[in-house]
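In: The following comprises the amino acid sequence and a computationally predicted model.
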Amino acid sequence: MEYCCKEFKVGKCEGEKVVDGETMPLVLQPPQSNKSDLESLILALKSNKDWFEQMIIKNSAVLLRGYDVNNAQDFNQIVETFGWEDIRYVGPAPRTHIYKRVWTANEGPLSQFIYYHHEMVLMKEFPKKVILFCEIPPPEGGETPFVPSFKVTEKMLEEFPEEVKEMEEKRLKYTFTAPGANDTSSMRGRGWEDTFGTSDQKEAERRAKAQGMEIEWLPDGGVRTILGPRGLTRVFEGRKGRRMWFNTVVGMHGKQISSAMMADGTEIPEHVVKRCEEIIEEESIQFKWQKGDVLFFDNYALLHGRRPSLPPRKVLVATCK
Ligand SMILES: [Fe+2]
């Protein structure tokens, strides 16, 4: 039995992968069966805060499994233990505030695949950590697969060195259209009022600017957002110099409501986008939820998505600086 520190036992989960010597996710369980209550967990986290944060950076994903975490209140208590500052969600996903630091994850239809992304990747400020809690595991599907971002960059550089260089140098530009009112039949159906947290157009424009976006009002009441130029990859401190695939080209390229191109207007070749999509899937870690799971992502290092799911499925989220 492997003990990392005496308060946790390292476990295993289906789908885990060893990437560059690190297991993703690192599974942490109660050291004894009588230590699975919330109070013991909070105590264990409190006395290992720094170590725990280092593990999130080292392994990119840490999964707490086997604890009695039952609801949003319990989850919130875990989130608050660390003292990491909250970061407000800005983006297209419809989400509902549940309790203190806790929100629903994307409430778009369960039948749709939410494509892999770094949380809030196009915003000026994005979370360092995304923490998810599974209150109701889906009966079928509904996984939250994730991808070590630097592996995508590595493979893209191997296969498309010229194209990657061009995109890196020219940088990228995106457009995105948000509806006038919330449309919960779409996973990107967040209306602009919710997206920007205001119903005042001038204020929405100001907030968009602060996030590095321009907005255009559309005759149907919706809004077109133009973002860019943005980089293709990013290197973050403390992550072994890894070049993260910190963009949303595959998710936004050539869609009805979104686009991605180079900042000077050059199109990104279709076959490059297609192959990138395959690479992301090949490098993904197929993680399956169990009730009570709490999963910590290093949002600098991982892309994550959501597979189509049968109902019911309840996964809650908190995002931190
Ligand atoms: Fe997300």
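Out: Noted; the coordinates are in hand.
In: Quickly note the distance from the nearest residue to residue 312 once chain neighbours are set aside to residue 316.
Out: Sequence neighbours aside, residue 136 is the residue nearest to residue 312 in space, at 5.1 Å (criterion: CB to CB, 6 or more residues apart in numbering). For glycine as for every other residue, the C-beta is placed from the backbone atoms N, C-alpha and C. With distances defined as CB to CB, to the nearest Å, the gap from residue 136 to residue 316 amounts to 10 Å.
In: For those two, indicate the residue with more neighbours.
Out: Between residue 136 and residue 316, residue 316 has the larger neighbour count (other CB atoms under 10 Å), namely 25 against 14.
In: Near the residue lying closest to that one once chain neighbours are set aside, how many other residues are there?
Out: In space, and not counting its chain neighbours, residue 316 is closest to residue 133: 4.7 Å by CB to CB, 6+ apart. Residue 133 has 26 neighbouring residues, counting by other CB under 10 Å.
In: quick one on the thing from earlier: I'd say the residue nearest to residue 312 and residue 314 touch.
Out: Yes - checked against CB atoms under 8 Å, the pair residue 136 and residue 314 is within contact range at 3.8 Å.
In: and the residue positioned nearest the centre of the chain, what is it in contact with?
Out: Nearest to the mean C-alpha position of the chain, by CA atoms, centre = their mean, lies residue 119 at 3.7 Å. Applying CB atoms under 8 Å, 6 or more residues apart in numbering to residue 119 gives the contacts 126-127, 130, 297, 299, 304, 319.
In: Correct me if wrong, but it is in a strand.
Out: No - counting by DSSP: H, G, I helix; E, B strand; the rest coil, residue 119 falls outside a strand, being coil.
In: What separation is there between it and residue 299?
Out: From residue 119 over to residue 299 (counting by CB to CB), the distance is 5 Å.
In: overlap in contacts of those two?
Out: With CB under 8 Å, 6+ apart applied, the overlap between the contact sets of residue 119 and residue 299 consists of 126-127, 130, 319.
In: closest to residue 31 among those residues?
Out: Within the shared contacts of residue 119 and residue 299, distances to residue 31 taken as CB to CB reach their minimum at residue 130, with 26.3 Å.
In: Name the nearest residue to the closest one, sequence neighbours excluded.
Out: For residue 130, the spatially nearest residue (CB to CB, 6+ apart) is residue 297, at 4.4 Å.
In: mind checking how far that neighbour is from residue 63?
Out: Between residue 297 and residue 63 the distance is 10 Å, computed by CB to CB.
In: Please apply the same query to residue 294.
Out: Residue 294 is 7 Å from residue 63, by CB to CB.
In: Find the residues that touch each one of these two.
Out: Here residue 294 and residue 63 have no joint contacts, going by CB under 8 Å, 6+ apart.
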